[in-house]
Each structure stands twice: as C-alpha cells, then as structure tokens.
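> sharing a sequence plus its predicted fold:
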Amino acid sequence: MSFWIAWINVLVYLGVKNFASSRKVLTYAALILLLFLAPFVSGIKVLNQKTDAKQIDITLVQGNIPQDVKWDYKLLDYNFKVFDDLTKKVPEKVDLILWPETAAPCYLRAEPKYFSLIKSLSDSLQTPLVLGTNDYSVLGQGSYLYYNSAFYFDPYQNNFAVYNKIHLVPFSEWVPYPKILGWLYRIKFGLSDYTPGKDYVLFENPKGKFPALICFEAVFPDLVRKFVLKGADFLVNITNDGWWGKTAGPFQHAQINVFRAIENRISIARCANTGVSMFVDPYGRITQRTKIYVQDVLTGKIPLRNELTFYTRYGDWFAKGVSLLSVLILAYSLFRKVVGDR
C-alpha cells in the first residue's frame, strides 16, 4: 500500500515538474491511471469470486467497564456480573463466545470463585469461551513471571488453554533496557512488568483453530502471519481500548485489523471492552460493528480460511527488496557524486 501511494506521489511530482512537456505529462498521467485501474479491476474480480467456505458463529460481549472500575479489586464481583449477565442474553447457540482483554481483571488462575464461575458458564451454555486475564508462572523461592494472557475454556475438555501475549507494549506493559531505564518503575504512572510469551498458541475449537491476539498485537503483520502459517482458520483479537477515551484512537486501532484480514485472506472477530467490537471478512470488509462506550452483544458468522496468500507464505520480501534497492541506488548516487567531485 505505501509503495503504491509513494509511486502515485512521485508520478504527480514528475508531472508537475515537467508540465511544459505535454508528452511527458500524458505519460505520467497514463501511469497514474494504470496504478488506479490495476487494483480496481483486480479487486472487482476477487470480490466477485464465490466461496463455499465453512462458517463459524461467534458472539462478542462488550462489557464497557470503565478503567477506574475495572482495576478496583472491591468491584471485581461487578466486573464479572456484567459479563455474565450479557453472555446469558445470547439468544441462540453459537460456536464461540469472546470476552475482551482483561475481562477478568485479576489472576484468574488464583481466584477459585471466579474461575469456577467462568467454567460453569461455559459448561452450562455448552459453548467455548475466550477471555483476557492476568496470569503468572512460579520460578521458585517467591519469584514469579507475570503475563497478559488469554484463557480458553472448552466445555468439551476438563482443562483450559492459555496464550501469553508475545508482543508487549513498551513503557506500558514492560520497560525495555531495564538496566538503563529501570528507574522508570519508581514513577507511578501505571507501568506493568509483564514477561513476553514465547509460544504461538492456537486454541482448538470444534469448528477451527485460532489465536487470541491481544490488544495491539494485531498491528504487526509478521506476527499475525506466523499464526496463520501454523494453521489458524480465523483470527481473534481481544482488546481493552478504554484508556483511549472518546478519541480517534479506538477507531484507528480497530481499522488495523482490516489490513491483517486482507494480507492473509482470513476472517477476524474483534472483541473490545469499550468498542469497537466487530467482524471482518477475508476481504477486509467490516460486516458488523458496535458503537464505542456502550454495553453490547454482537453475534455473527465469519467464513473459515480456505487459502494461503502470497504474503502469508513469503512475508515482507517485497518491502525488504525495495528497501535494499533504495539503499543500492543511494549508494550508487553517492559514489557517482564522490567520483564526479574528483
């Protein structure tokens, strides 16, 4: 996309620069027209293709819990009650229920009361459920590692599955170069000290496999394609965008998912605490969405992946190739200048 935009701007600049030459202006105009027509024609062809892909029914539960309420331990009962009540309003049987990032704002593994509540809810509805929570592992002698995690409860299994967020937000979920910047922890502005996860976990639903990308992990194309290469049939993105406030942030963050869907030709179900929760089809079209800062329950169907795109298979080779070519051209220009100055 950026390559396409850059070239259109270059051609416009060349057209203006050579405005006195009608032949050159027409040439650049023709190239600009071609750059618009090529993706337009290709897009029409792709969007008109018929598919017989299998589908999965998913419910997104948007609790709209304010930040000051979410992290008040005394209000933990209220947090769970909101999501429990909304989930029980789901009118029909679905294949998967999603709660957002930190829907369980505690170490759920260490909270038997709330852990049992979630497990009982999943069992009673006979529906797998994904939610965000904190987690930890014991290193020994009172030492722990902490994670921003997603738990997958499956009524068909006795155990639950866990994914620990791999790509943490710097200066929010962790501090890079702690030996140099560790003093930042002494400043009380909400820093966490999470450990990045290492495993590319795919949760196994009876209808298909999927990762639970947490928050801004959906921003990173290479991270997402690795999950798809491991066999993901659809993508899930859970997030808490409540700290954005009523700004452009929640909408921009949500739109990033459109690019990941197109790159990998895969559907996405996105569940956000305060919105935007939405479904995105494999062609990047948002089929359903919620408003921000409202409680809502959204149920929809998304098709399962039935192909591997060129990008999924090979990644950012084009971007790397263009970058290398740019470096070579710059080096050659500098070399000619140095030789010419002699």
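Right, received. Where do you want to start? Numbers count the residues shown, from 1 in each chain.
> any stretches of the stretch 51-200 of the chain with poor pLDDT?
182-191 (pLDDT under 70).
> confidence score at Asp341?
Note for Asp341: predicted pLDDT of 66.
> residues contacting Val94?
57-59, 127, 299 (CB atoms under 8 Å, 6 or more residues apart in numbering). For glycine as for every other residue, the C-beta is placed from the backbone atoms N, C-alpha and C.
> now these in JSON lines, with distance to Tyr136?
Output for the contacts of Val94, formatted as JSON lines (distance: CB to CB, whole Å):
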{"residue": "Asp57", "distance to Tyr136": "33"}
{"residue": "Ile58", "distance to Tyr136": "29"}
{"residue": "Thr59", "distance to Tyr136": "29"}
{"residue": "Thr127", "distance to Tyr136": "27"}
{"residue": "Thr299", "distance to Tyr136": "33"}
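> mind checking the SS state of Tyr144?
strand (DSSP: H, G, I helix; E, B strand; the rest coil).
> kindly report the same for Val327.
Applying three-state DSSP: Val327 is helix.
> work out for me the element the nearest residue to Lys291 once chain neighbours are set aside sits within.
Nearest non-adjacent residue to Lys291, counting by CB to CB, 6 or more residues apart in numbering: Gly275, 6.0 Å away. Counting by DSSP states H and E, no helix or strand carries Gly275.
> what sits against the residue most central in space within the chain?
Centroid check for the chain by CA atoms, centre = their mean gives Ala218 as the closest residue, at 2.3 Å. Applying CB under 8 Å, 6+ apart to Ala218 gives the contacts 224, 235, 237, 239, 256-257, 260, 268, 270.
> try 7 Å this time
Contacts for Ala218 (CB atoms under 7 Å, 6 or more residues apart in numbering) come out as 224, 237, 256-257, 260.
> now it. Nearest residue, chain neighbours left out?
Nearest residue to Ala218, sequence neighbours excluded (CB to CB, 6+ apart): Asn237, at 4.7 Å.
> tell me which helix or strand comes right after the helix or strand harbouring Asn9.
Secondary structure assignment for Asn9, by DSSP H and E: helix 2-17. Using DSSP H and E, the helix or strand that directly follows helix 2-17 along the chain is helix 22-47.
> got the angle between that next one and helix 2-17?
160 degrees (axes from the mean of the first three to the mean of the last three CA atoms, to 10 degrees).
> what residues sit buried inside helix 22-47?
Buried residues in helix 22-47, defined by neighbour count with 16 or more other CB atoms under 10 Å: 25, 28, 32.
> kindly report the same for stretch 115-124.
115, 117-119, 121-122.
> so can I have a markdown table of the residues you listed showing distance to Phe36 and secondary structure?
Output for the buried residues of stretch 115-124, formatted as a markdown table (distance: CB to CB, whole Å; DSSP: H, G, I helix; E, B strand; the rest coil):
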| residue | distance to Phe36 | secondary structure |
| --- | --- | --- |
| Phe115 | 55 | helix |
| Leu117 | 54 | helix |
| Ile118 | 50 | helix |
| Lys119 | 54 | helix |
| Leu121 | 51 | helix |
| Ser122 | 49 | helix |
